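**Q** From the sequence below, what's the structure:
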Amino acid sequence: MIAPKFKTIIVGAGPAGLLLALLLSRHGMSVTVCEAAPKLDNRPRATHYGTPAVYELRRAGVLDDVLAEGLITRKLCWRKLDGTYLTGIDNDVLGNDPDRVVCLPLNRLCQILARHLERGPSAEVKWNHRITSIGQDSDNAWVGVSTPEGGITLEADYIIGCDGANSQIRRSLYGDKNFPGKTWDEQIVATNVYYDFDKYGYEDANFIIDSEHWHMASRITRDGMWRVSYGEKAGITHEELAARQPMKFAKILPGNPSSDQYTLANFSPYRVHQRLAERMRKGRFLLAADAAHLCNPFGGLGLTGGIVDVGGLSDCLYGIWTGQASPDILDIYDEVRRQKYRDIVDPISSENLRRMFDNDPQTVLELGKDKFLEMCVKAEKDVKLAREMALGFNVLKYDFRQHYTTPK
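**A** Predicted structure coming up:
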């Protein structure tokens, strides 16, 4: 039986929070999204959605809009600094599979999600609503909220923290400094740039292996914008990084261009982390996406994993609302999603990053040097293996509906 007064509060109007709200509201569930900022975050940030993330976007009814604005990533590859092709994965082996890897800057995905959310009658987004305190008992959970009109308290059956790496919900549950894991010594500089990579035969996504000038170059828009993310050593200030940018581009971009030969649209240095929250459920509070776990961006596992989190969580909450599942399903959510991070996201994303600066590009394809790249080489002549590799991220999926105890 559907619980008539069942309500969910989602903290954070980023991609995870908006997608979860949309998935729940499509069922007619009552959802309130609280966002501390006055509007959507317009920074481009992450760009690539793996196959299980695309599946969730399709379930939410937004994939057609995403494809209309974004593009399908056809091939990713690894290269030497001079541009020499080493090996790659060709997603075209998937043919017309509806869940092929898609690329769209994250700010534009959020705009799509927000538009769809506005059309539904059971969800609302409250801007300038900053969480100041939390509490719960056996029947409800609540948050103290600072608003332009003053402090208020909001109650719900469940409250989900989708409020990013600095999650107030996670810090309130476990402490400000309790986010187990590590911070990489290496810094990442993410840039958006207009430059003619096609002239040099670059694929849609290119990972360059080099001990000093390792980087990634990926097509991200239809009008010729590329994301170039490169590594820098720790301890370099923002001002020093900005001053070094023309030198880095002259080293890493094909053709070794001067600054008047490209258009730099965005420059964002940041530190990267591998971290996992102590738990993703504590009573009536839950965590998802970056609020629960972090990883470096190479390979898109952070974004994809976060979207898969909220897809699974939406099934859990829907099952509780309809009486098909007991609240214990949320413990399964906590266990499964943390296991997926520990066993898949953390080791693979760490390997993706180290592969670029810990290998000699002259010998990396030699037998026994890198098992993953060995598989890529084999897959270029084995269509079945190529399909398996192109669908590899589907291992992040988990159908929580198998734990429903009462048929619909």
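
**Q** Could I get the full set of helices for this protein?
**A** Using DSSP state H, the helices assigned to the chain run over residues 15-25, 51-59, 63-69, 106-119, 168-174, 238-252, 301-322, 329-340, 346-357, 371-379, 383-390.

**Q** want to throw those into CSV with mean pLDDT?
**A** Converted to CSV, the helices of the chain look like this (pLDDT from 0 to 100):
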stretch, mean pLDDT
helix 15-25, 98
helix 51-59, 98
helix 63-69, 97
helix 106-119, 96
helix 168-174, 98
helix 238-252, 97
helix 301-322, 97
helix 329-340, 98
helix 346-357, 97
helix 371-379, 97
helix 383-390, 96
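
**Q** tell me the most buried of those helices?
**A** helix 15-25 (a mean of 27; mean count of other C-beta atoms under 10 Å). C-beta here means a position set from N, CA and C on the backbone, and glycine is covered the same way.

**Q** Val193 pairs with what?
**A** Counting by DSSP bridges, Val193 is bridged to Trp226, Leu264.

**Q** Distance to Gln136 for the helices of the chain - can I get that in JSON lines?
**A** As requested, these are exported to JSON lines (distance: least, C-beta to C-beta, whole Å):
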{"stretch": "helix 15-25", "distance to Gln136": "19"}
{"stretch": "helix 51-59", "distance to Gln136": "28"}
{"stretch": "helix 63-69", "distance to Gln136": "35"}
{"stretch": "helix 106-119", "distance to Gln136": "26"}
{"stretch": "helix 168-174", "distance to Gln136": "10"}
{"stretch": "helix 238-252", "distance to Gln136": "40"}
{"stretch": "helix 301-322", "distance to Gln136": "15"}
{"stretch": "helix 329-340", "distance to Gln136": "13"}
{"stretch": "helix 346-357", "distance to Gln136": "29"}
{"stretch": "helix 371-379", "distance to Gln136": "44"}
{"stretch": "helix 383-390", "distance to Gln136": "43"}
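
**Q** Of all the ones you listed, which one is nearest Thr191?
**A** helix 238-252 (7.3 Å; C-beta to C-beta).

**Q** Residues in contact with the closest one: which ones?
**A** Helix 238-252 has contacts (C-beta atoms under 8 Å, 6 or more residues apart in numbering) with 81, 187, 189, 191, 193, 208, 213, 215, 217, 228, 230, 232, 236, 256-259, 262, 264, 267, 269.

**Q** again, only this time at 6 Å
**A** With contact meaning C-beta atoms under 6 Å, 6 or more residues apart in numbering, helix 238-252 is reached by Val189, His213, His215, Tyr230, Asn256, Ser259, Pro269.

**Q** what about it, distance to the chain center?
**A** Relative to its parent chain, helix 238-252 has a centroid offset of 26 Å by C-alpha atoms, centre = their mean, to the nearest Å.

**Q** so Trp142 sits right up against Ala156, yeah?
**A** No: taking contacts as C-beta atoms under 6 Å, Trp142 lies outside contact range of Ala156: 7.5 Å.

**Q** quick one, which of these two is more surrounded?
**A** Each of Trp142 and Ala156 has its neighbours counted (other C-beta atoms under 10 Å); Ala156 has more, 20 against 17.

**Q** quick one: the more buried one and Pro44, what's the gap?
**A** Note on Ala156: its distance to Pro44, by C-beta to C-beta, to the nearest Å, is 32 Å.

**Q** and if you look at Ser314?
**A** Taking C-beta to C-beta, one finds Ser314 at 26 Å from Pro44.

**Q** Next, count neighbours for Gly61.
**A** Neighbour tally, Gly61, other C-beta under 10 Å: 12.

**Q** go on, Asp399?
**A** 9.

**Q** Could you do Asn128 as well?
**A** For Asn128, using other C-beta under 10 Å, the count is 15.

**Q** Quick check: it touching Ser146?
**A** No: if you go by C-beta under 6 Å, Asn128 and Ser146 don't touch, sitting 8.4 Å apart.

**Q** I'd like the distance between the closest residue to Gln111 other than its chain neighbours and Lys5.
**A** In space, and not counting its chain neighbours, Gln111 is closest to Leu40: 6.5 Å by C-beta to C-beta, 6 or more residues apart in numbering. Distance from Leu40 to Lys5, counting by C-beta to C-beta: 30 Å.

**Q** who's more crowded, those two?
**A** Leu40 (17 against 6).

**Q** quick one: that one and Cys110 touch, right?
**A** Yes: between Leu40 and Cys110 there is a contact at 5.1 Å, judged by C-beta under 6 Å.

**Q** Could you pull up the residues touching Arg284?
**A** Gln136, Ala141, Tyr158.

**Q** pLDDT at it, what is it?
**A** What the model reports as pLDDT for Arg284 is 98.

**Q** How about it: what's its closest non-neighbour residue?
**A** Closest to Arg284 by C-beta to C-beta, 6+ apart is Ala141, at 3.7 Å.

**Q** who does that neighbour bridge with?
**A** Gln136, Ala156.

**Q** what sits against it?
**A** Per C-beta under 6 Å, 6+ apart, neighbours of Ala141: Ala156, Ile159, Arg284.
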